[in-house]
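Undergrad: Pasting the sequence and the predicted model now:
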Amino acid sequence: AAKAEGGNAIATFNEDMRAEFEIRTAIELSLRTSINDDSLHLVYQPEVDMRDGKVLAVEALVRWDHPTLGLLLPASFIEIAESTNLASELGTWVFRTACRQFAKWRSENADLDLCLRVNVSPAQLVGLDFLEGTAQVLEEYEIAGNSVCLEITENAMVSDLDRTRVTLRGLSDLGVRVAIDDFGTGFSALAQLKQLKVDVLKIDQEFIRDLGHSRGDLAIVKSIVSLAKSFDVDLVAEGVETVSAARTLLELGCYRAQGFLFSHPLPADQAGDLLRAGAIQPWLAAATGPVRK
Ligand code: C2E
Ligand code: MG
Ligand code: MG
Ligand code: MG
């Protein structure tokens with residue numbers, strides 16, 4: 001019948017939908033067990049000071065070696081975790097694993113001066129034991145709160161401002177820093193942001209990708225730089241892939257950056273090698289050259 005109605009496209013659409021549904025179901029069913037066996041792991045992407053290549057921070061990013069679907073990126077399962085009440089469990093696993101790794105790096109290098117950045121999902125943020133759980137893990141691994149920065153998206157923060165305010169105050173009591181992730185893509189009013197005492201803004205990759213040749217992106221990033229200055233928060237550019245984007249950021253006064261130009265996310269041991277080296281050098285300075293004023 002589908003064919004009679006000229007519905008080849010419809011049949012294909014249904015096939016795609018069914019395939020997607022099957023994948024979702026497979027993910028949902030296996031995510032819970034995956035949290036408890038060895039099939040999740042973290043990779044770590046360095047954030048550098050572009051002026052000298054020094055590694056200032058690493059961001060932990062979750063990966064899943066799915067038994068049948070292969071390596072999955074967070075885009076294909078974080079949302080499913082959120083909608084099946086697994087967000088807290090997954091988030092706790094991520095935070096604990098990242099902190100354990102941080103403690104290991106520190107044990108290999110007593111002067112480790114590094115900020116550990118960990119993403120927190122909206123559902124996790126409103127969990128009742130979120131603050132207590134965070135405090136427990138920090139204590140277990142003897143990590144000072146101010147070595148850790150939690151990344152929260154703008155929309156997650158403003159969906160329940162009162163709750164967010166309480167949570168941020170709790171984190172601040174622990175000394176834990178807070179970053180607004182993907183900044184510029186959300187729907188918050190600046191007045192709301194003023195009330196939330198955040199420490200870091202991470203400019204969304206969308207504005208960075210074509211920064212070298214897009215006037216619109218240049219205008220947006222310029223205004224975010226001046227916003228960060230007036231609020232006195234640190235600023236990080238995400239998704240820096242090209243020398244021209246890096247140069248533009250340097251000229252605008254945004255020195256911290258993360259992106260494939262410097263490093264892809266790395267397995268823990270390779271990230272450890274990079275931390276021992278301390279900086280991504282010297283090709284970076286050569287590539288970006290002296291900054292025009
Ligand atoms: P995010 O927190 O904004 O992380 C940055 C993402 O951009 C990562 O993707 C990273 O691999 C990618 N990236 C970094 N540099 C570049 C670049 O130069 N070019 C491009 N095209 N991409 C770059 P990933 O690992 O796939 O993570 C996607 C998102 O999933 C993250 O975005 C974050 O929102 C979420 N996520 C990742 N790990 C976790 C986690 O452990 N917990 C939670 N709740 N969310 C996570
Ligand atoms: Mg992030
Ligand atoms: Mg981001
Ligand atoms: Mg993102």
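TA: Thanks, I have the structure now. Ligands and ions are numbered 1, 2, ... in the order given.
Undergrad: how about low-confidence regions in the stretch 151-293 of the chain?
TA: Scanning the stretch 151-293 of the chain for pLDDT under 70 picks out 187-189, 191, 282-293.
Undergrad: Could you pull out the strands in it for me?
TA: 177-183, 200-203, 234-237, 256-257 (DSSP state E, counting those that start in this stretch).
Undergrad: In the sheet, which strands lie alongside the second one, parallel or antiparallel?
TA: If I follow you right, that is strand 200-203. strand 177-183 (parallel), strand 234-237 (parallel) (DSSP bridges).
Undergrad: ok, back up a step: save the strands of the stretch 151-293 of the chain as JSON lines, and put in distance to ligand 2 and mean neighbour count too.
TA: C-beta: built from backbone N, CA, C; applies to glycine. Shown next, in JSON lines, are the strands of the stretch 151-293 of the chain (distance: least, Cβ to the ion, whole Å; neighbours: other Cβ atoms under 10 Å):
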{"stretch": "strand 177-183", "distance to ligand 2": "4", "mean neighbour count": "23"}
{"stretch": "strand 200-203", "distance to ligand 2": "6", "mean neighbour count": "26"}
{"stretch": "strand 234-237", "distance to ligand 2": "10", "mean neighbour count": "24"}
{"stretch": "strand 256-257", "distance to ligand 2": "13", "mean neighbour count": "23"}
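Undergrad: What is the longest strand of this protein by residue count?
TA: The residue-count maximum for a strand in the chain (DSSP state E) belongs to strand 55-66.
Undergrad: Mind checking the strands of the stretch 151-293 of the chain for the one nearest to ligand 3?
TA: strand 177-183 (4.2 Å; Cβ to the ion).
Undergrad: What parts of this protein come near ligand 3?
TA: 181, 182, 238 (Cβ under 5 Å from the ion).
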